[in-house]
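> Compute the structure for the input listed below.
(chains A and B)
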Amino acid sequence: MNERVDIPIIARGRVINPGADDAVEFRGRGGAGFRSPDPHKHIHDLVLGNTALLADLNDTRMQHIIEFLAEVGRRLQLDDNVHLQQSFALALRAGGLAEPILRGVYDGMLHMFDPRALTALVDKTIGIAYLDGWVPGERPYANVRVRAIGTRQLHITAGNVPVVAALTVIRAALTKSDCLIKSPSNDPLTANAIARTMIEVDASHPVTRHLAVAYWKGGDEFMDSQIVRTSRIDKITAWGGMSSVKHIQKFLSPGIDLTALNPKYSMSIIGRETLASEAAMDEAAVGIAVISGFYNQTACANTRIVYVESGTDDESLERVVELGRKIVAAFQTLPPVISTPAAQRNPELEAEMAAVALEDDFYSVGGDTLTGGFVVSRFADRVEFYDKLSNRVVNLVPVPDLLEVVKWCDDTTQTVGIYPESIRDRLLNAFALAGVQRMVPLTGGDPMKIFHDMHTLPPGMPHDGIEPMRRSVRWVIDHRPGEGAVKLSVVAA
Amino acid sequence: MAISLLPDNPGAWTFHRFQDLYAIGREEREKLQLEAVRINFARMRNRIPALKKLADRQGVERIDRIEDVLPVCFDHRVLKNYPIQIIENRDFPKLTSWLNKLTAHDLSRVDLSGLTTIEEWLRRLEAFGMLVTYSSGTTGKLSFVPRSIDEFGAWRAHFFNVNHAANGVNPYTTKLPTFFPGYRGGYQTMLKMMSLFNVEMAGGPEHYHTLYNSHIPADLMALSGRMQSAEDKGEIERLGFDPALLEQRRTMLEQGRRKDQDLQAWFSKLIQQFKGQRVKIGGTFADLYRVARAGLDQGMRCEFAPGSILTGGGGMKGYKDAPADWEDQVKTFFGVARLGNQYGFSENIGNAPLCDAGFFHFMPYTVPILMDADGKALPSAGVQKGRLALVDPIPTSYWGGFVSGDEVTMHWEEDCPCGWKGPRAAKTIRRFAESEGGDDKITCAGSQQAYNEFMEFVAGDA
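A predicted model of the protein is given here:
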């Protein structure tokens, strides 16, 4: 794919296209070429230097913001949205997600803009009253009022799953904030498509007027020095952790609040009783296949390592290998909207698998990077290439006691799949203390139900252990004179 | 062909003059190489357990065409496909039985009693007749090259030959005092080769000058990653590392911090001491450039005798934003006419010297094959770019077929202006990695290994 795709800068209701004397080119996934206006020439289109200009959005009632977002959401349908079609086609060719899965993700975007869900989200996390006005305290503190004020936000987004773009636009609008999105090179168009749809709905709406989307190369010091200033940005949300933060780090200063959504690993833990019966192994295998295989193992919530409570004698290990085979078999039965065979091999991972396959004292290997596969460690440790596990390849690690798994858990451990449920209570608190952020069930044996349950949370749940929306507003106190006289002694206290 | 070479004894080829080896015509050379690889593979196939397993799996019984060897070339990972746990636990029986699958020697006969460190283990193996060296990559895990005394003669003859070719100085007859801005001794491949060969080339240990008189123990290299993360967690004292090892680590870190000053002080002294003498300077180009830059800034120039030589390696790894003319600056400061250079891997005996025209020429006893991204052989004609596999038919105690992680541009025709024949690689060599991902792809999944302060400081020196 050698053709070049033009990616405009979206600046507060305006679409700025690249032109003959205003263009920079960059490279995307799979060698795709992109052309964008030179961001160096558009700093002032991207940032909001004057905070007074946020008044329009802060004065807009939440109900109107939600109605507007809902209207935008209704237009985010692949069938009749040319911008979305373009970004869908690009994402598809980039090859990270197969067509049925990507279609599912795009179809899901619509639901993210559902007005009831949006209302619940903002009310649960911040409280609409706090965004629409000043909320007085309870007596005797009725003279002290609090309001959640919008901020100027820079979002350095992740591109492996396009929902990040939609989530970012929604969170910024619901916090009545000015939002600058720095697109990733592996998804340069989704945020763009949403912003352009907004412009078509209402280019002058305050939400539209406070959304800017651009691409510039990570490490572009000029851009970082111009944008990451306390006079221009209040909050930064950086996905991808160090890889996205390292460049801007030197420009960070007190006054800029950084929320780093670090890269995460996820795992599953399988209790000893599972290996005792074929039925339990089958059920666990389906659960593991779903949590490892959805989005074709490109997301942070995907299991890459499966810790199995088991001995390391040959007989026990044969059961673990059997579980591996069952997982690979279960991958083949997943509905395509959840997971598909990979479009192409992963030569790097295959080389790792082939190298350890020669060492059958230590490892048992099955499957491949097209249909999915497994590496069983024949001792209680994960493979050293665990951070390269993808294409639906999991590492099964026997451990004598699942409590020992906490030594591999820390802030980077996001989601832990559990089977069977009977082990949960024994492990929950220990895993939570170790840094784990979410424990999910793998039971039932029905892929669609497991997938659905895994992704169905009440609105406003924590994200990676924090509450990003609460963190991205400024909590302001309006302290007025109190009523009545107060004794001197009380003042002194 | 002016010399007579037997295909069943390629080790003996190394004893010929490099000029004669580079004069062999293509047709003759390729015929000889195919025959040598065919014989070597037939010998080793069922003798080396890991090769047997791979060949069985790939269904390769014999080599009829040179590309038949590709499926049975070891990926470089094979030399480190043991679980890191066995190093951490110093489980020497397991480590030995792992290595035993890579060699024709019977290592089950090695006495492992009383071993507590990897250094001791390597020494014990050496006493047994092995010449096992290690390299450490970015993950800190050691890969072990299962060489033995069986290859020593050819290895030495080749190394002398290739140095002669790269520098134009015959190391058998001309002994030059040598400066090497790094460590000394130990089993890291380059340092072991220094002890085995370079010291002799210099005319003895008193003529071989190193920045440090000690080496980094293999144990420290192997465990540095684990130590760093233990230190980050504040657990380093609790994990039961050998106190002597922890002390060595502190020393190394301290040396690393002082390195720039030490390097300059050390070189300034040598520059004075050897003024007017012919010398040989070695090291990584990054270090040599550092010294040169600092010297030039002070208005200094070396005044060694004409005919002094400088030979470097490692590219400019470890030096950010080197100016385009760094090579000229190095030449100007040290007063040498050219920069000697070689390209190769520790897995292979036959590294290739850089010619005057700027190409790395492979010796006939090293057989390069280029592959595409799917591992299929690229034609050995014209100019091709691909991933490099090198087959070394010399070893008689281990299998010498390896696939590298390097992307190389090979010129197959015999038209190099330097006059040497044989396939040659262009100077620009990079890691064969997918260009997938774009300029700065960001994802929420996965993360790189924790930043390893220790490796940053000292790995480049070893």
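> so where is chain A shaky, pLDDT-wise?
Counting by pLDDT under 70, chain A shows low-confidence ranges at A:1-3, A:28-32, A:94-96, A:241-245, A:484-493.
> in it, which residue is closest to the centre?
The centroid of chain A falls nearest to residue A:164 when counting by Cα atoms, centre = their mean (5.4 Å).
> Next, it: secondary structure please.
Taking DSSP: H, G, I helix; E, B strand; the rest coil as the rule, one finds residue A:164 in the helix state.
> Pretty sure it sits against residue A:239.
Yes: using Cβ atoms under 8 Å, residue A:164 is in contact with residue A:239, at 6.4 Å. C-beta here means a position set from N, CA and C on the backbone, and glycine is covered the same way.
> Strands of the stretch 351-493 of chain A, start to end?
With DSSP state E, counting those that start in this stretch as the criterion, the stretch 351-493 of chain A has strands at A:363-368, A:372-377, A:393-399, A:413-419, A:438-441, A:474-479.
> Tell me which of these sits nearest to residue A:123.
strand A:474-479 (16.4 Å; Cβ to Cβ).
> elements contacting the closest one?
Counting contacts by 3 or more Cβ pairs under 8 Å, 6 or more residues apart in numbering or on different chains; DSSP states H and E, strand A:474-479 packs against strand A:144-149.
> Run through who's touching the following helix or strand past the strand it packs on.
Using DSSP states H and E, the helix or strand that follows strand A:144-149 in sequence is strand A:152-156. Contacts of strand A:152-156 from elsewhere in the structure, counted by Cβ atoms under 8 Å, 6 or more residues apart in numbering or on different chains, are A:47-48, A:51, A:54, A:168, A:172, A:175, A:177-182, A:184, A:227-228, A:232-240, A:244-245, A:248, A:472, B:442.
> Which of those fall in strands?
With strands taken from DSSP state E, the overlap with the contacts of strand A:152-156 comprises A:178, A:179, A:180, A:181, A:182, A:235, A:236, A:237, A:238, A:239.
> And the first one, how far from residue A:20?
Which is residue A:178. 31 Å (Cβ to Cβ, to the nearest Å).
> More neighbours: those two, which one.
Applying other Cβ atoms under 10 Å in any protein chain shown to residue A:178 and residue A:20 shows that residue A:178 carries more neighbours, namely 27 against 5.
> close enough to count as contact, the more buried one and residue A:56?
No: between residue A:178 and residue A:56 there is no contact under Cβ under 8 Å: 10.4 Å.
> element containing residue A:34?
Short version, using DSSP H and E: residue A:34 is in strand A:33-36.
> in that strand, what's buried?
A:34, A:35, A:36 (16 or more other Cβ atoms under 10 Å in any protein chain shown).
> Mind putting the residues you listed into a markdown table with distance to chain B?
Shown next, in a markdown table, are the buried residues of strand A:33-36 (distance: Cβ to the nearest Cβ, whole Å):
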| residue | distance to chain B |
| --- | --- |
| A:34 | 9 |
| A:35 | 14 |
| A:36 | 12 |
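> residues contacting the closest residue in space to residue A:478 that isn't next to it in sequence?
Of all residues not flanking residue A:478 in the chain, residue A:145 sits nearest, at 4.3 Å (Cβ to Cβ, 6 or more residues apart in numbering or on different chains). Residue A:145 makes contacts with A:134, A:135, A:136, A:137, A:477, A:478, A:479, A:480, as judged by Cβ under 8 Å, 6+ apart.
> With residue B:150 instead?
Applying Cβ under 8 Å, 6+ apart, the residues near residue B:150 are B:129, B:395, B:396, B:397.
> Most neighbours among these, which one is it?
Going by other Cβ under 10 Å, residue B:395 tops the contacts of residue B:150 with 26 neighbours.
> And the residue nearest to that one when sequence neighbours are not counted, how far from chain A?
Spatial nearest neighbour of residue B:395, chain neighbours left out: residue B:151 (5.3 Å); criterion: Cβ to Cβ, 6+ apart. Residue B:151 is 22 Å from chain A, where distance means Cβ to the nearest Cβ, to the nearest Å.
> From residue B:145, how far off is residue B:151?
Taking Cβ to Cβ, one finds residue B:151 at 10 Å from residue B:145.
> what's the answer for residue A:326, then?
From residue A:326 to residue B:145 the distance is 39 Å (Cβ to Cβ).
> same deal with residue A:320?
Counting by Cβ to Cβ - residue A:320 and residue B:145 are separated by 33 Å.
> Quick check on those two: which one has the bigger neighbour count.
residue A:320 (26 against 21).
> residues in contact with that one?
With Cβ under 8 Å, 6+ apart, residue A:320 has these contacts: A:275, A:308, A:310, A:376, A:396, A:398.
> Surely the first one is in a strand?
No: the secondary structure assignment for residue A:275 gives helix rather than a strand, going by three-state DSSP.
> Could you chop chain A up by domain?
A:4-263, A:265-454 (automatic domain parsing).
> Close to chain A: what parts of the stretch 51-200 of chain B are there?
Counting by Cβ under 8 Å from any Cβ of the partner chain, the stretch 51-200 of chain B comes close to chain A at B:53-54, B:57, B:75, B:77-78, B:81-85, B:94, B:97-98, B:101, B:139, B:141.
> So among these, which ones count as buried?
Here, 16+ other Cβ under 10 Å leaves B:54, B:75, B:77-78, B:81-85, B:94, B:98, B:101, B:141 buried among these.
> Need the max-distance pair from the residues you listed.
B:54 and B:85 (23.6 Å).
> which bits of the stretch 251-400 of chain B sit near chain A?
With the criterion set to Cβ under 8 Å from any Cβ, the stretch 251-400 of chain B comes near chain A through B:373, B:374, B:375.
> what about the residue in the stretch 201-350 of chain B that chain A sits nearest to, how many neighbours?
Closest residue of the stretch 201-350 of chain B to chain A, Cβ to the nearest Cβ: residue B:233 (9.1 Å). Using other Cβ under 10 Å, residue B:233 has 11 other residues around it.
> For the closest residue to residue B:112 other than its chain neighbours, give me the pLDDT.
Spatial nearest neighbour of residue B:112, excluding adjacent residues (Cβ to Cβ, 6+ apart): residue B:92 at 4.8 Å. Looking at residue B:92, its pLDDT is 96.
> ok, now which ones touch residue B:92?
Counting by Cβ under 8 Å, 6+ apart, residue B:92 has contacts B:112, B:115, B:121.
> do the same with residue A:182
Taking Cβ under 8 Å, 6+ apart, one finds A:154, A:155, A:156, A:157, A:214, A:215, A:216 in contact with residue A:182.
> in the sheet, who's paired with the fifth one?
If I follow you right, that is residue A:214. With beta bridges defined as DSSP bridges, residue A:214 has these partners: residue A:182.
> and residue B:412, what are its phi and psi?
As for residue B:412, its main-chain torsions (degrees, to the nearest 10) stand at phi -90, psi -20.
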